[in-house]
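Peer 1: Sequence first, then the predicted structure:
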Amino acid sequence: MGPLRAIRRCCLLLGWTLLAIPIQAVLIRLPGPGKARFARVYWSLVLRILGVKVRVIGTPAKLAIRRERPVIFVANHSSWLDIPVLGGTLFACFVSKEDIAHWPMIRTIARLGRTVFVSRQRTSIEREREEMRMRLAEGDNLVLFPEGTTSDGSRVLPFRSTFLSVVEGLSGTQSALPPLVQPVSVAYDRLWWLPTQRCHRALFAYYGNHTIGSHFWRLVQNTGMRASVLLHEPIDPTFFPDRKALAQELQARVAAGAAMLRQNRDAVPLSPPAPLGFYRTTSAET
């Protein structure tokens, strides 16, 4: 049944994507939140077609507090499946490596989802950082994968602080406060309705010499899959002295949450190191 299940899912996914592309192409030209809401609907149905259920623990930052500040969601990254999982859970745009902009079909979906592409070249860092700041200033939220690559699903790689340069303030806004940062832990903890073991993680993880076509085909032959998303308490970056300290704190929280999910323990969102809203007093105020 595996190959037949995969063929059926591929046909449904292609049909849904071809239907969604013109709808989103219209919504993206219209004002209002329609384009963000439809993107979430698109990814949610993609997951349903693929047979992946999502368990969400915690609350997205904008719903957890009454504060008009954009949010950067910072998550671990082990698979292309992270995109539909988080895209169907959060109202946010993704920040992705520029290579994806050249993949057939995927690049169309990514562009309609208003993905921000980054090349990670020094000559374009400032331009890409400014584009992300403009998105945040316009009211969009962003999803970052600060590991810079995908892991094998058994650990969280160190976070690169350069990915967090965008939190250093929003140019052209009335508020000098940077966006809030919410750590997010993702783990694939069910396969055939049973808890996944270490040997099963390679089925979900897309890393190394895998090709996306073969990985996709192998994955969609299975059923009873589940992804767990743990949304930790949001963090105010103004509490940290620099990006490096912020990256270390975020990596520790994301890693701890992912470990809880992989070990099938009762996972709970981790609290920030200080009450939200605490700001360092400037010399002018003292």
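Peer 2: Here it is on my side, so go on. Residues are numbered from 1 along each chain as shown.
Peer 1: rest of the way, CA atoms for contacts and neighbours
Peer 2: Fine.
Peer 1: what's the pLDDT at residue 257?
Peer 2: The confidence metric pLDDT takes the value 95 at residue 257.
Peer 1: Point out the other helices and strands that whichever strand or helix holds it packs with.
Peer 2: In this structure, residue 257 sits in helix 243-262 according to DSSP states H and E. Using 3 or more C-alpha pairs under 8 Å, 6 or more residues apart in numbering; DSSP states H and E as the contact criterion, the neighbours of helix 243-262 among helices and strands are strand 180-191, strand 225-231.
Peer 1: Any chance of TSV for those, columns distance to residue 29?
Peer 2: As requested, the helices and strands packed on helix 243-262 are exported to TSV (distance: least, C-alpha to C-alpha, whole Å):
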stretch	distance to residue 29
strand 180-191	27
strand 225-231	31
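Peer 1: Geometrically speaking, which residue is the centre of the protein?
Peer 2: In the chain, the centroid-proximal residue (C-alpha atoms, centre = their mean) is residue 143; its distance is 4.3 Å.
Peer 1: For that residue, what are phi and psi?
Peer 2: Geometry field for residue 143 lists phi and psi as phi -110, psi 120, criterion degrees, to the nearest 10.
Peer 1: next one: residue 17
Peer 2: Torsion angles at residue 17 (phi, psi; degrees, to the nearest 10) stand at phi -70, psi -40.
Peer 1: one step back: how about JSON lines for the helices and strands packed on helix 243-262, with mean pLDDT added?
Peer 2: Output for those, formatted as JSON lines (pLDDT from 0 to 100):
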{"stretch": "strand 180-191", "mean pLDDT": "95"}
{"stretch": "strand 225-231", "mean pLDDT": "97"}
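Peer 1: Tell me which of the ones you listed sits nearest to residue 261.
Peer 2: With distances scored as C-alpha to C-alpha, the stretch of these nearest to residue 261 is strand 180-191 (6.1 Å).
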